[in-house]
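**Student:** no sequence on hand, only this structure:
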């Protein structure tokens, strides 16, 4: 399980993707769908890397308390709709698609297209939020996907779930949002609230790891590995 206790959900996700990429055989063909600025390209030097993005998002909006930098996805190999990628069936040994489905009007159709371009027996790595704030607006349509979404639609599109791991937990999700408060309030308020928020975050950590309080199923998102059935 790729799960550390901290206040940034992307840490676990980046680690999970890097480990999956490193597990792929050298010279495998990889499609990075919805690649954006191609963050993971540097971890795929042993692969034949191909990127795709629709190329319309330019950055500049706010995600919680952070402003997105200028975002240039026009350097991807394919600038097209993710539901209509101009390659033959079974073109890739592996497909990577991270934090993209919440930005698609029809994520099920995208999953169908990614399954189409994947070779039989090929591997697909997906991540999407379980719960998230507005980001990359106006291209933001869903706040998250449950484990049942993946199981239901994977089966419909000839995919088998090899693994499905939660990123974070109910308590770490709350802790992240408490930490976010310090990034959006007035500096004077930060001085007043920092000790309280620090103590609350420590308490959440203790609840999960020392006291082991059972919490509702919740997380930042899921890391899902799927295999295309032969």
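**Tutor:** Sure, I can see it. The model shown is predicted, which means the values in this text are computed figures rather than measured ones.

**Student:** what's the average pLDDT for stretch 77-97?
**Tutor:** On average, the pLDDT along stretch 77-97 is 98.

**Student:** distance from the chain centre to that stretch, please.
**Tutor:** Distance, stretch centre to chain centre, for stretch 77-97: 18 Å (CA atoms, centre = their mean, to the nearest Å).

**Student:** what residues of it count as buried?
**Tutor:** Residues of stretch 77-97 classed as buried by neighbour count (16 or more other CB atoms under 10 Å): 78, 82-83, 85, 91-97. C-beta coordinates here come from the backbone N, C-alpha and C atoms, glycine included.

**Student:** quick one: contacts of that stretch?
**Tutor:** If you take CB atoms under 8 Å, 6 or more residues apart in numbering as the criterion, stretch 77-97 is touched by 17, 20-21, 24-25, 28-34, 40, 47, 50-55, 73, 100, 104, 106, 109-110, 112-114, 116-120, 122-127.

**Student:** list only buried entries from those residues.
**Tutor:** When the contacts of stretch 77-97 are checked for burial by 16+ other CB under 10 Å, the buried set is 17, 20-21, 24, 28-34, 40, 47, 50-55, 73, 100, 104, 110, 112-114, 116-119, 122-127.

**Student:** next SSE after the least confident helix or strand in the chain by mean pLDDT?
**Tutor:** Using mean pLDDT, DSSP states H and E, strand 66-67 stands out as the lowest-scoring helix or strand of the chain, at a mean of 62. The helix or strand immediately downstream of strand 66-67 is strand 78-79, counting by DSSP states H and E.

**Student:** parallel or antiparallel, which strands does that following strand pair with?
**Tutor:** Applying DSSP bridges, strand 78-79 is found paired with strand 48-53 (parallel).

**Student:** which other residues reach the strand it pairs with?
**Tutor:** For strand 48-53, the external contacting residues (CB under 8 Å, 6+ apart) are 27-36, 38, 41, 73-74, 76-80, 82, 85, 92.

**Student:** got a list of what residue 100 touches?
**Tutor:** 33-34, 82, 110, 128 are the contacts of residue 100 under CB under 8 Å, 6+ apart.

**Student:** hang on, I meant residue 163
**Tutor:** Neighbouring residues of residue 163 by CB under 8 Å, 6+ apart: 223-225.

**Student:** kindly write the ChimeraX command that selects the buried subset of these.
**Tutor:** Those of those that count as buried under 16+ other CB under 10 Å are selected in ChimeraX with:
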select :223,224,225
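
**Student:** could I get the contacts of residue 163 as JSON lines with pLDDT, secondary structure and distance to residue 132?
**Tutor:** Below are those laid out as JSON lines (pLDDT from 0 to 100; DSSP: H, G, I helix; E, B strand; the rest coil; distance: CB to CB, whole Å):
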{"residue": "223", "pLDDT": "97", "secondary structure": "strand", "distance to residue 132": "15"}
{"residue": "224", "pLDDT": "98", "secondary structure": "strand", "distance to residue 132": "16"}
{"residue": "225", "pLDDT": "98", "secondary structure": "strand", "distance to residue 132": "21"}
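
**Student:** any regions of the chain where pLDDT drops low?
**Tutor:** Residue ranges of the chain with pLDDT under 70: 1-4, 62-69.

**Student:** now for the top helix by length along the chain, which elements pack on it?
**Tutor:** Criterion DSSP state H: the longest helix present in the chain is helix 187-209. Applying 3 or more CB pairs under 8 Å, 6 or more residues apart in numbering; DSSP states H and E, we find helix 187-209 packed against helix 170-184.

**Student:** can you tell me which residues contact residue 25?
**Tutor:** If you count contacts by CB under 8 Å, 6+ apart, then residue 25 has residue 93 around it.
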